[in-house]
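**Q** fold the following, please.
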Amino acid sequence: MGRAGPRRPRLHTTTRGDRFGWHRDGWLGRLRQDNTWHSDGHAFLAQRRILRWLPEPLVEAAFDAAERRALERLCAALPDLLPPRPPVLTHGDLWRENVLSGRAGGAALIDPAVSYSWAEADLSMLWCSPRPPASDRFFEVYADAAGLEAGWRDRLSLFHLRELLSSIAHDDYAAECAEAVREIIAPFG
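**A** Now for the predicted structure:
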């Protein structure tokens, strides 16, 4: 019997210490994704995934000063809004269009923006973008298997801020995305 090769890392189950990030920066669309290591998941999400988009010209033009302050207040409140979890390997851009069917019928993932982060970042992409038919069962099973704490569905919009802001920066559905951001940050205005 032959020796098994090295174990391949698996999404949402592979951990590597307690740091969030990746050993090099990546890309989300045509813009850089800052993956600088950080030991605090809330700060990583705030600084590297949400507030990182504020200086982008199209994002800056989409929001007034009060709205930017509301976004900053939301980020400051993340430790109260999101339960801490260990960082796991994430795809980083896991939405329906990046999940393909392989020749044998199995799922294949493309176009990653990899980092060690919270699995909910990937879930938010699947949940908040148009979902595949009959996906409710997937989310129920995933939540059970991953041990997601109660209220996880309600928290996904916080993770989805990164995608909404990125879409504005890329000029993709900018008006719709800006309205969605305003809805999420309204309690912090």
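
**Q** ok, residue 37 - contacts?
**A** Residues near residue 37 by CB atoms under 8 Å, 6 or more residues apart in numbering: 19-22. In short, each C-beta sits where N, CA and C put it, glycine included.

**Q** most neighbours, which of those residues?
**A** Scoring the contacts of residue 37 on neighbours with other CB atoms under 10 Å, the highest-scoring entry is residue 20 at 26 neighbours.

**Q** and the contacts of the biggest helix by length in the chain?
**A** Counting residues, the longest helix in the chain under DSSP state H turns out to be helix 152-169. Applying CB under 8 Å, 6+ apart, the external contacts of helix 152-169 come out as 28-29, 31, 45, 49-50, 53-54, 56-59, 62, 71, 74, 78, 81-82, 95, 118, 120-121, 123-125, 127-129, 139, 143, 173-174, 177-178, 180-181, 184.

**Q** just checking, next helix/strand downstream of that helix?
**A** In the C-terminal direction, the helix or strand that comes right after helix 152-169 (DSSP states H and E) is helix 174-185.

**Q** quick check: angle from that following helix to helix 152-169?
**A** Interaxial angle, helix 174-185 versus helix 152-169 (axes from the mean of the first three to the mean of the last three CA atoms, to 10 degrees): 140 degrees.

**Q** I'd like to know which elements helix 174-185 is packed against.
**A** On a contact count with 3 or more CB pairs under 8 Å, 6 or more residues apart in numbering; DSSP states H and E, helix 174-185 meets helix 57-62, helix 65-76, helix 152-169.

**Q** most tightly packed of those?
**A** For these, the largest average neighbour count (mean count of other CB atoms under 10 Å) is found in helix 152-169, namely a mean of 21.

**Q** got the angle for that one vs helix 65-76?
**A** Orientation of helix 152-169 against helix 65-76 (the same axes, to 10 degrees) gives an angle of 140 degrees.

**Q** the contacts of helix 152-169, buried ones only, as a PyMOL selection?
**A** The command below creates a PyMOL selection of those among those that count as buried (16 or more other CB atoms under 10 Å):
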select buried, resi 28+45+49+50+53+56+58+59+62+71+74+78+82+95+118+120+121+123+124+125+127+128+139+174+177+178+180+181+184
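
**Q** in which helix or strand would I find residue 150?
**A** Per DSSP H and E, there is no helix or strand for residue 150.

**Q** look up how far residue 128 lies from it.
**A** Per CB to CB, to the nearest Å, residue 150 is found 19 Å from residue 128.

**Q** does the spatially most central residue of the chain lie in a helix or a strand, and which?
**A** When CA atoms, centre = their mean is applied to the chain, the residue found nearest the centroid is residue 121 (2.9 Å). Residue 121 is part of helix 119-128, with elements assigned from DSSP H and E.
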